[in-house]
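Peer 1: model the following, please.
(one chain, ligands or ions: 1)
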Amino acid sequence: MPISDAKPRDQLAEQLAEATAEALRQDLAQQERVLLVVSGGSTPVPFFQAMASRDLPWARIDVTLADERWVPVDAEASNARLVREYLLVGPASAANFISLTTDDETPEQGVEAVARRIEALSWPASLVVLGMGGDGHTASLFPDSRELELALSTAEPVVAVRSPSQPQARITLSADRLHQARRHVLHITGGDKRSVLARALGGDDLRELPIRAFLSCPLAVYWAP
Ligand SMILES: O=C1O[C@H](COP(=O)(O)O)[C@@H](O)[C@H](O)[C@H]1O
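Peer 2: Numbers count the residues shown, from 1 in each chain. Presented below is the predicted three-dimensional model:
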């Protein structure tokens, strides 16, 4: 389909995939391995689909997540399942995916093993693609999380997170780790999220809207209705 006939969200996903592929190519010209950090949730699906067929040396690319629900890898709610189903297919299946879960019962038990995995990657990442929820959370930095201050301030790479608003325990890259990237993108869709972003830009209380921690990365915003 010519890009001009595409629906806005698919068009946005194509543009983001092109920019991501270009960023990875640039860094691959300078270093043997590169790292791409992606978000979960529902928004990234068309981006993953657009990315999967890109002509890239995928075997030299590590892919990990900004955050994960502490659920089995094949669970509906698993961000890793989403990545495997929509991104790691076709040419992109040659990429090395690093998950954020272990067989431990809780993220608190697994957090150290995940931290070692994450530390071993090629930081700074080429690109961190953030998402955002309607409550202003990004990754698993939730406004109502007990661990929000820790996740915003620690130098540790990952934090186990409990949020009353969320049905599952989670694990998230810390804000410090998410900042360790050459480029940052916020990928959001819909009028509601545009309003949340506008509200975030008008204030500075991170606990109210944790996305504020990334508004001056600099951050490229990819938005479509
Ligand atoms: O729970 C999560 O939510 C955000 C936003 O998800 P969306 O479904 O509104 O696109 C996502 O960025 C994060 O990775 C995910 O775990």
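
Peer 1: and Gly41, how many neighbours?
Peer 2: For Gly41, the count of nearby residues is 14 (other CB atoms under 10 Å). Just so you know, the C-beta spots here come from the backbone N, C-alpha and C atoms, and that holds for glycine as well.

Peer 1: residues contacting the closest residue to it other than its chain neighbours?
Peer 2: Nearest residue to Gly41, sequence neighbours excluded (CB to CB, 6 or more residues apart in numbering): Gly131, at 5.1 Å. Residues in contact with Gly131 (CB atoms under 8 Å, 6 or more residues apart in numbering) are 39-41, 43-44, 66, 138, 186-188.

Peer 1: please apply the same query to Asp62.
Peer 2: By CB under 8 Å, 6+ apart, the neighbours of Asp62 are 33-36, 95-98, 121-122.

Peer 1: other residues contacting the biggest helix by length in the chain?
Peer 2: Taking DSSP state H as the assignment, the helix of the chain that covers the most residues is helix 8-28. For helix 8-28, contacts defined as CB under 8 Å, 6+ apart pick out 3, 6, 34, 36, 46-47, 49-51, 54-57, 60-61, 126-127, 129, 182-183, 185, 187, 189, 220, 222-225.

Peer 1: buried subset of those residues, written for ChimeraX?
Peer 2: Filtering the contacts of helix 8-28 down to the buried ones (16 or more other CB atoms under 10 Å) takes a single ChimeraX command:
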select :34,36,46,47,49,50,51,54,56,60,61,126,127,129,183,185,187,189,222,223,224
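
Peer 1: out of the contacts of helix 8-28, which are inside helices?
Peer 2: Applying DSSP H to those, the entries found in helices are 46-47, 49-51.

Peer 1: so what's the spatially most central residue of the chain closest to, chain neighbours aside?
Peer 2: When the chain is reduced to its mean C-alpha position, the closest residue under CA atoms, centre = their mean turns out to be Ser39, at 2.5 Å. Spatial nearest neighbour of Ser39, excluding adjacent residues (CB to CB, 6+ apart): Gly131 at 3.8 Å.

Peer 1: now Ser145
Peer 2: Ser163 (4.2 Å).

Peer 1: count of neighbours near that neighbour?
Peer 2: Ser163 has 20 neighbours, counted by other CB under 10 Å.

Peer 1: ok, now which ones touch it?
Peer 2: Going by CB under 8 Å, 6+ apart, Ser163 touches 140, 142, 144-146, 170.

Peer 1: what about the ligand: which of these touch it?
Peer 2: Ser140 (CB under 6 Å from any ligand atom).

Peer 1: quick one: which of the contacts of Ser163 is nearest to the ligand?
Peer 2: Closest approach to the ligand among the contacts of Ser163 (CB to the nearest ligand atom): Ser140, at 5.9 Å.

Peer 1: distance of the closest one from Arg177?
Peer 2: Note on Ser140: its distance to Arg177, by CB to CB, to the nearest Å, is 12 Å.

Peer 1: more crowded one of these two?
Peer 2: Using other CB under 10 Å as the criterion, Ser140 and Arg177 rank with Ser140 on top: 35 against 27.
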